[in-house]
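Visitor: After the sequence you'll find the predicted model.
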Amino acid sequence: MSRVPPKWPPVEVEHPAPHPDAPEQGTKLGPHYAHCFGCGDETEGGLHLQTECGHDATIIAQFHVTDAHQGAPGLAHGGLLACAFDEALGSTVGQLLRKPAVTGKLETDFLRPVPVGSTLHIAGKLDGVAGRKVYASADGRLDAPDGPIALRARALFVIVDFSHFTEHGTADPRDVHPDRDINP
Ligand SMILES: CCCCCCCCCCCC(=O)SCCNC(=O)CCNC(=O)[C@H](O)C(C)(C)COP(=O)(O)OP(=O)(O)OC[C@H]1O[C@@H](n2cnc3c(N)ncnc32)[C@H](O)[C@@H]1OP(=O)(O)O
C-alpha cells in the first residue's frame, strides 16, 4: 500500500505569523476547558494532554498512555490517539492564531504501535491559512521529543464565530469579550 500522502495543504495558502498575543516559547498551557476529554483536568477518564509552546511556532503536547486508553491488550486505542492529535492540533490553531476554530477534517497515519506506559510527544504546527480554513499537522514521537515517529496527522480547522459554541453547545454567551475570542 502506498503511503505517499496527497498534496498538503490541498489548496494555495498564506503563512500567517503567530498572533501577537500567542504564548511565548516554554509557556505551559493549561486546559482550555476543565471538562474537555482531551485536556480537561476534571475528566476522570480523559486523555489529560499537557501542552506547552515550543520553538519555531509549534505547540508541544504530551500524552501519557495508561491502561484506560487500551484498544488491544497493552496497546493504545487508535481512536484515542486520533483524539489526542485533534486536541493537540486544535490547541496549535487556537493558541497560535487566537481565533476560535473547530475540526473539519482529521487524517491520521498510524506508523508504529503505541504501548501502554509510553508517552507520546506530539509537535503541532500551522501549515497555512486560506480564508476561514486553517491547515495544521503534527508528528507524534514515542517516549522522547526525538523518539521514533509513531503517528502523523493532518487537519483542516475552520474558523468559526464564538456563537458556534453558544448556539450549538452550552457555552455561556457572557464569556464572549474582545480579549477572549477563542475556543471556550
Ligand atoms: C487558546 C484556545 C485553545 C483552544 C483549544 C481547542 C482545542 C479543541 C480541539 C478539539 C476540536 C474539535 O474536536 S471541534 C469538534 C469537532 N468538529 C465539529 O464539531 C465541527 C462540525 N462541523 C461544523 O460545525 C461545520 O461543518 C463547520 C463549522 C466545520 C463548517 O461549516 P460552515 O461554517 O457552514 O462553513 P463551510 O462553508 O461548510 O466550510 C468552510 C470551508 O471549509 C471547507 N470545509 C469544511 N469542512 C470540510 C471538510 N471536511 N473537508 C474539506 N473542506 C471542508 C468548505 O469547503 C469551505 O471551503 P471554502 O468554500 O471556503 O473554500
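Guide: Now that the structure is in, tell me what you want to look at.

Visitor: Residues of this structure that sit close to the ligand?
Guide: Taking CB under 6 Å from any ligand atom, the part of the chain that reaches the ligand is made up of 32, 38, 86-87, 90-91, 94-95, 102-105, 131-133, 156, 158, 160, 182-183. C-betas here are computed from N, CA, C, even on glycine.

Visitor: Filter those down to the buried ones.
Guide: Neighbour-count burial (16 or more other CB atoms under 10 Å) is assigned, among the residues of the chain next to the ligand, to 32, 38, 86-87, 90-91, 94-95, 103, 133, 156, 158, 160, 182-183.

Visitor: Tell me the buried residues in the worst-scoring helix or strand of the chain on mean pLDDT?
Guide: When the helices and strands of the chain are scored by mean pLDDT, DSSP states H and E, helix 163-167 comes last with a mean of 90. Buried residues in helix 163-167, counted by 16+ other CB under 10 Å: 164-166.

Visitor: what does the model give residue 184 for pLDDT?
Guide: Per-residue pLDDT puts residue 184 at 84.

Visitor: What distance do you get for the residue nearest to it when sequence neighbours are not counted to residue 85?
Guide: Residue nearest to residue 184 in three dimensions, not counting chain neighbours: residue 171, with 4.2 Å by CB to CB, 6 or more residues apart in numbering. Using CB to CB, to the nearest Å, residue 171 is found at 23 Å from residue 85.

Visitor: okay, those two: which has more neighbours?
Guide: It is residue 85, of residue 171 and residue 85, that has more neighbours when counted by other CB atoms under 10 Å, with 30 against 18.

Visitor: In a strand, that one, correct?
Guide: No - using DSSP: H, G, I helix; E, B strand; the rest coil, the assignment for residue 85 is helix, not a strand.

Visitor: Correct me if wrong: it contacts residue 150.
Guide: No - if you go by CB atoms under 8 Å, residue 85 and residue 150 don't touch, sitting 10.9 Å apart.

Visitor: Now do the helices in this structure.
Guide: 78-97, 163-167 (DSSP state H).

Visitor: Lowest average pLDDT across these?
Guide: Least confident of those, judged by mean pLDDT, is helix 163-167 with a mean of 90.

Visitor: Other residues contacting it?
Guide: Counting contacts by CB atoms under 8 Å, 6 or more residues apart in numbering, the residues outside helix 163-167 that touch it are 100, 102, 171-173, 176, 183-184.
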